[in-house]
Structure formats: structure tokens, C-alpha cells
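K.L.:
all I have is the shape, not the residue letters:
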């Protein structure tokens, strides 16, 4: 397989900095984790809407401390530092869902693939194969609360070069599903779309309730809604039922066999898997 081309940093800076909504952007060849690096930058005072991109990531981190690696030039590995002002920290739980919405919409537009989201924000292609993951980390800094939002996308990987997928889902990539895309265009489109949806969220978010327009963009993309699921919670607790909705706090609403509806937050979930009705 031919090695893919590097990102065009000049194009990214022109679209996202000179004519775009971001304030700083750096593209590095290799790092352990863009999220780890940007958390350190946040603590050092880096500004809102700082972007860090790595061509190769050797110690990427996901939810529940899951790790993964990706070879150089094959994927997208990007973290964004956000410093939104919100009345309640609970409002920050929507940020990874905003990112999932932006990512799924961008992949659909740029590749024509039928991208879906597994709640809260795993990107699925070809049914239940995972092509991307998102991790948002809240950071308390001297300049106030910040969020470091990390996104990792498998783009050009073939079956042999796919990273091991964490969380039980088989891994895939845009290329493995038949999609063709330029990584620079994909990343620029993703960050532009993320900026738009995140700015709308900032303008409309209250203490606990998400703007309905943003929520209505998320729901059609969420393939979990309408499925029978098994939710493994902390402490060994299990909840089985039909995923009925995502509420205005970003929680998955599960209705069990008795008709009881239980909202669950992403931070309380260890695993979410399909189940037999």
C-alpha cells in the first residue's frame, strides 16, 4: 500500500486561522497524545480555540483509559482547546456529542459514506465498525475551566494497518469502506463544522438544557436510538432495554421491559452493546 501524503499545513492555516475561526494551529510529525500535549498547554495558559494536529500518534487515549496507536499519515489525530463560559459544569457533557455531530456530518459530505454515531460519539461505518473516537477532558486551569477535545479518525488504513479498536467494536477506516478523501480537506471541513456547531451551543446553552436545533442534528445521526441495548454501568450494574432517545442533557434514555425509562450519562457507562430483545 502506498504511503499517504502529509497534511498541507499551509492550507489548514489559511482556512482555519487567516480566514477562519481558530486562534492557533500547530501540525507536528509525531507525538504520544495530542490530548496530553494540549492539556499541558491549557495549564500553561494557551488560548481558546487552539488546535494541535499530529501526523502520527503513539499513545492515543480513549474513554476508560483505553489506548491506541496509528501510523504516520494514515489517520487524523487532532485536539482542540476550548474555553467556553457555562453556568454549570454539567453543560460541558454536550461537547463530545457536538463533536460527534460535526464529524458524522463531515464524513457523510466528504465521502458519501453512511456514517452513524454510536451514542455518545463513536463514528461507525458499514454498520457496527468503528472508524473514529472522541475524548473530551475537562481541565481546571488558572484561567478557568477548559475542555480539551480529541478526535481520532481512521482514514487511509487498510485491514493490515488498522489500529486495534477499543471497547469491543471491530475497527474500520474510510478507505476500508470504499471511501476516498483528502485528509487536509477532511480535517479542514471537520474543524469548520465543529466551530459552527460549538459556537451555536455557546450562544444558546443554559445550565442543563441543549438548544433544540443542535439536538435535532444529533438525533438522526445516532444509530443507537431505536435499538435494544445492554448498558454496563459502574459497580457491575446492568440495564437492558430499548434506546428511546437522547435528552437535552445528552443522556441516553433507555426503556426497559417494564416500560420504565432511565436516563444514563456517558460518564457512568463502562460498555454499551447491542442486545437481543
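P.N.:
Arrived safely. The structure presented is a predicted model; accordingly, all values stated were derived computationally and were not measured.

K.L.:
quick one: pLDDT of residue 1?
P.N.:
Note on residue 1: pLDDT of 55.

K.L.:
numbering from 14 from now on, please.
P.N.:
Noted, 14 is the first residue going forward, which turns the last one into residue 14.

K.L.:
helices of the stretch 14-163 of the chain, start to end?
P.N.:
Ranges of helices in the stretch 14-163 of the chain, per DSSP state H, counting those that start in this stretch, are 22-26, 47-56, 108-124.

K.L.:
now residue 174: how far from residue 252?
P.N.:
Distance of residue 174 to residue 252, given as C-beta to C-beta, to the nearest Å: 36 Å. For glycine as for every other residue, the C-beta is placed from the backbone atoms N, C-alpha and C.

K.L.:
my error: substitute residue 230 in the last question.
P.N.:
From residue 230 to residue 252 the distance is 27 Å (C-beta to C-beta).

K.L.:
my guess is residue 83 contacts residue 176. True?
P.N.:
Yes - counting by C-beta atoms under 8 Å, residue 176 is a contact partner of residue 83 at 5.3 Å.

K.L.:
what's the overlap in contacts for these two?
P.N.:
Contact criterion C-beta atoms under 8 Å, 6 or more residues apart in numbering; residues shared by residue 83 and residue 176: 167, 170.

K.L.:
who's more crowded, these two?
P.N.:
residue 83 (24 against 19; other C-beta atoms under 10 Å).

K.L.:
so who does that one touch?
P.N.:
69-70, 73, 90, 165, 167, 170, 176.

K.L.:
please apply the same query to residue 194.
P.N.:
Shown in contact with residue 194 (C-beta under 8 Å, 6+ apart): 123-124, 168, 187.

K.L.:
what is the orientation angle of the biggest helix by length in the chain with helix 108-124?
P.N.:
Looking across the chain with DSSP state H, the single longest helix is helix 196-217. Calculated by axes from the mean of the first three to the mean of the last three C-alpha atoms, to 10 degrees, helix 196-217 forms an angle of 140 degrees with helix 108-124.

K.L.:
burial measure for the closest residue to residue 21 other than its chain neighbours, as a count.
P.N.:
Closest residue to residue 21 apart from its sequence neighbours, by C-beta to C-beta, 6 or more residues apart in numbering: residue 197 at 4.5 Å. As a burial measure, residue 197 scores 18 neighbours (other C-beta under 10 Å).

K.L.:
shouldn't residue 197 be in contact with residue 23?
P.N.:
No - with contact defined as C-beta under 8 Å, residue 197 and residue 23 do not form a contacting pair (9.6 Å).

K.L.:
look up how far residue 155 lies from the residue nearest to residue 21.
P.N.:
35 Å.

K.L.:
try residue 234
P.N.:
Taken as C-beta to C-beta, the span from residue 234 to residue 155 is 37 Å.

K.L.:
show me which of these two is the more surrounded one.
P.N.:
Neighbour count, other C-beta under 10 Å: between residue 234 and residue 155, residue 234 has more, with 18 against 8.

K.L.:
and the more buried one, how far from residue 108?
P.N.:
Distance from residue 234 to residue 108, by C-beta to C-beta: 16 Å.

K.L.:
likewise residue 36?
P.N.:
Look at residue 36 and residue 108: by C-beta to C-beta, they are 18 Å apart.

K.L.:
so between the two, which is more surrounded?
P.N.:
Regarding residue 36 and residue 108, a neighbour count based on other C-beta under 10 Å identifies residue 108 as having more, with 24 against 14.

K.L.:
what's the closest non-adjacent residue to that one?
P.N.:
residue 149 is the one closest to residue 108 (C-beta to C-beta, 6+ apart), at 4.9 Å.

K.L.:
could you do residue 107 as well?
P.N.:
The nearest residue in space to residue 107 (C-beta to C-beta, 6+ apart) is residue 263, at 4.9 Å.
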